[in-house]
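Trainee: Give the three-dimensional model of this entry:
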Amino acid sequence: MTNNPDHHGTHREVELLETLRSLGGSARNAALAEAMGVSEETVRRTVKALAKAELVQRVHGGVYLSNGDGFGPVKSRMSRNASQKARIGAATAALIPDGASVFLDVGSTTAYVAERLRDHRGLTVVTNALTIAQTLAGRGGGRVFLAGGELREVELGSFGAAALEFIARFSIDFAVLSVDGIDMRDGYLLSGSAEAEMSRAVASHARRVIVVADNSKFSQSAPLVAFPAERPDILVTDAPLRPSFADRLARWETDVVIAGDTADVQSGK
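Mentor: Numbers count the residues shown, from 1 in each chain. This is a model prediction of the structure:
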């Protein structure tokens, strides 16, 4: 707890800060409560004390570590496992042809995909992420469509009925989706209900679903199932999978792309 040297945190405050760092520096209150095994009211009280000490900043329904930058939540999530996410971004972009229609969600790994799509030509990009719209606007003669709805500060993304209705109007060739955890029994997991609802809706009508996830996601859990384990057509990750995972994905005909200096494709088809 270094931002305020005069503040001596309680055990609960220290625990919350450590949990927040483990979640990438920003999180919804519900996700913190789940990770810490406490109520959301306990999280809110603890966050209030930490915000008073200028150790965190509160936003509606969530919190992020103080760093003096309004883009703090997004940058902190992107900085975690950055090299792995950059490799995943490059490997994923290579799967998407010029002229395709693509949905990109608010995930930090997805933001790396967007960076590598900047040189593509003629893309139709649909997103609920403000940062991704900014990254790809005006690039390569393509078009960018940003969903409306409630803009949430933690993710800088829009959610809710208006965003879902807007995205449903589009024919999507590739949906690039990020997750908080992966369980071969339950499926692909997210911490927030709005994020899970968005991913579920997009996955249900996109022609091909690409999940982007660094290897840490295979050891993480989250409370909500975004879509079943057999739904993705392609999983792009940064390290070889355990045999049990690889066997199941092959059974479900999910291609696995291991992102590295040269991407390695393990075909499930």
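Trainee: what's next to the stretch of helix or strand A33 belongs to, contact-wise?
Mentor: Secondary structure assignment for A33, by DSSP states H and E: helix 29-36. With Cβ atoms under 8 Å, 6 or more residues apart in numbering as the contact definition, helix 29-36 has outside contacts at 15-16, 19-20, 22-23, 27, 39-40, 42-44, 47, 61-63, 180, 191-192, 222-223. Placement of C-beta: from N, CA and C, glycine included.
Trainee: Name only those of those that count as buried.
Mentor: Among these, those buried by neighbour count (16 or more other Cβ atoms under 10 Å) are 15-16, 19-20, 23, 27, 42-43, 47, 62-63, 180, 191-192, 222-223.
Trainee: still on that earlier bit, any idea of the mean pLDDT in the helix holding A33?
Mentor: Across helix 29-36, pLDDT averages out at 88.
Trainee: Next: stretch 144-164.
Mentor: Mean pLDDT, stretch 144-164: 85.
Trainee: begin at 51 from here
Mentor: Yes, from this point I'll number from 51; that puts the last item at stretch 194-214.
Trainee: Do me a favour and get the end-to-end distance for it?
Mentor: Using Cα to Cα, to the nearest Å, the gap from the first to the last residue of stretch 194-214 comes to 16 Å.
Trainee: Can you give me the buried ones in the host helix or strand of E245?
Mentor: Assigned by DSSP H and E, E245 belongs to helix 243-255. Buried residues in helix 243-255, counted by 16+ other Cβ under 10 Å: 244-253.
Trainee: In contact with A289, which residues are there?
Mentor: So A289 contacts 265, 308 (Cβ under 8 Å, 6+ apart).
Trainee: That one belongs to a helix?
Mentor: No. Under the criterion used here (DSSP: H, G, I helix; E, B strand; the rest coil), A289 is coil, not part of a helix.
Trainee: can you map out the helices along the stretch 201-319 of the chain?
Mentor: Applying DSSP state H, counting those that start in this stretch to the stretch 201-319 of the chain gives helices spanning 211-217, 243-255, 293-301.
Trainee: out of these, nearest to R193?
Mentor: Closest to R193 of the helices of the stretch 201-319 of the chain, according to Cβ to Cβ: helix 211-217, at 14.2 Å.
Trainee: pLDDT below threshold where in this structure?
Mentor: Where the chain drops to pLDDT under 70, the residues are 51-59, 74, 116-131, 203-205, 311-319.
Trainee: Can you tell me the closest non-neighbouring residue to G149?
Mentor: G172 (4.3 Å; Cβ to Cβ, 6 or more residues apart in numbering).
Trainee: OK, contacts around that neighbour?
Mentor: Applying Cβ under 8 Å, 6+ apart, we find G172 in contact with 148-149, 190-192.
Trainee: In ChimeraX, how would I select just the buried ones from those?
Mentor: To isolate the buried ones among the contacts of G172 in ChimeraX, judged by 16+ other Cβ under 10 Å, type:
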select :192
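Trainee: Now distance to P278 too, for the contacts of G172, in CSV please.
Mentor: Converted to CSV, these look like this (distance: Cβ to Cβ, whole Å):
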residue, distance to P278
D148, 31
G149, 30
G190, 34
G191, 36
G192, 31
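Trainee: circling back to that earlier point, and which of the buried ones among the contacts of helix 79-86 is nearest R258?
Mentor: When the buried ones among the contacts of helix 79-86 are compared for distance to R258 (Cβ to Cβ), D230 wins out at 21.7 Å.
Trainee: Quick check, the closest one in contact with S269.
Mentor: No. With contact defined as Cβ atoms under 8 Å, D230 does not reach S269; the gap is 11.6 Å.
Trainee: picking that back up, got JSON lines for the helices of the stretch 201-319 of the chain, with distance to I308 too?
Mentor: Listed next are these as JSON lines, based on distance: least, Cβ to Cβ, whole Å:
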{"stretch": "helix 211-217", "distance to I308": "30"}
{"stretch": "helix 243-255", "distance to I308": "22"}
{"stretch": "helix 293-301", "distance to I308": "10"}
